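S.K.: Starting from these lines, generate the structure:
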Amino acid sequence: QVQLVESGGGLVQSGNSLRLSCTASGRTFRRHTLAWFRQAPGKEREFVAAHRRITERTYYANYADSVQGRFTISRDNAKNTLYLQMNSLKPEDTAVYYCAVSDSSSNYYRSETYTYWGQGTQVTVSS
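M.R.: From the prediction side, this is the model:
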């Protein structure tokens, strides 16, 4: 059974940093697209970042415009773990953050593309 568990969320002040982790169990995902989405209260779930396999050893990162230059997505295949380093956090980054897995590298920004989801971790940024 596949399970994704996020961690690392919390309450921080504006301008500070957090690193989220998502550890997978049940299978390995080195060939899959891994992504982070977030959902703020009263809003739809939105794409944050994706890490896509381009070749056997090459991955490519994509980011939403709102986090480009502040967030960095990465993975450690040996640990079956996905990360999201979030710097220069803003109050508008406040949301529940979810990791997700897809076997497709297309339409990486659409939540419908993803098969497996974690339970989410809360990130709250105070002003």
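S.K.: Could you measure from the residue nearest the centre of the chain over to S17?
M.R.: The C-alpha lying nearest the average C-alpha coordinate of the chain belongs to W36 (C-alpha atoms, centre = their mean; 2.1 Å). To S17, W36 is 15 Å away according to C-beta to C-beta, to the nearest Å. For the C-beta atoms, the positions are set from N, CA and C on the backbone; glycine is no exception.
S.K.: Name the nearest residue to the residue nearest to the centre of the chain, sequence neighbours excluded.
M.R.: V48 (4.3 Å; C-beta to C-beta, 6 or more residues apart in numbering).
S.K.: Could you report the neighbour count for the one you found?
M.R.: 25 (other C-beta atoms under 10 Å).
S.K.: Next secondary structure after the strand or helix carrying it?
M.R.: Here V48 sits within strand 46-53, counting by DSSP states H and E. Note on strand 46-53: by DSSP H and E, the next helix or strand toward the C-terminus is strand 59-63.
S.K.: ok, that following strand: who's next to it in the sheet?
M.R.: Here strand 59-63 is paired, per DSSP bridges, with strand 46-53 (antiparallel).
S.K.: contacting residues around the residue nearest to W36?
M.R.: 35-38, 63-64, 67, 71, 84, 97 (C-beta atoms under 8 Å, 6 or more residues apart in numbering).
S.K.: so where's this structure shaky on pLDDT?
M.R.: Judged against pLDDT under 70, the chain has no low-scoring part.
S.K.: For it, which segments count as strands?
M.R.: Along the chain, counting by DSSP state E, strands occupy 3-7, 10-13, 18-25, 33-39, 46-53, 59-63, 71-76, 81-86, 95-102, 116-117, 121-126.
S.K.: Please point out which parts of the fifth one sit buried.
M.R.: The reference is to strand 46-53. 47-53 (16 or more other C-beta atoms under 10 Å).
S.K.: Hmm, T115 and V101 touching each other?
M.R.: Yes. Under the criterion of C-beta atoms under 8 Å, V101 makes contact with T115 at 6.2 Å.
S.K.: So for these two, which sits in the more crowded spot?
M.R.: Between V101 and T115, counting by other C-beta under 10 Å, V101 is the more crowded of the two (21 against 11).
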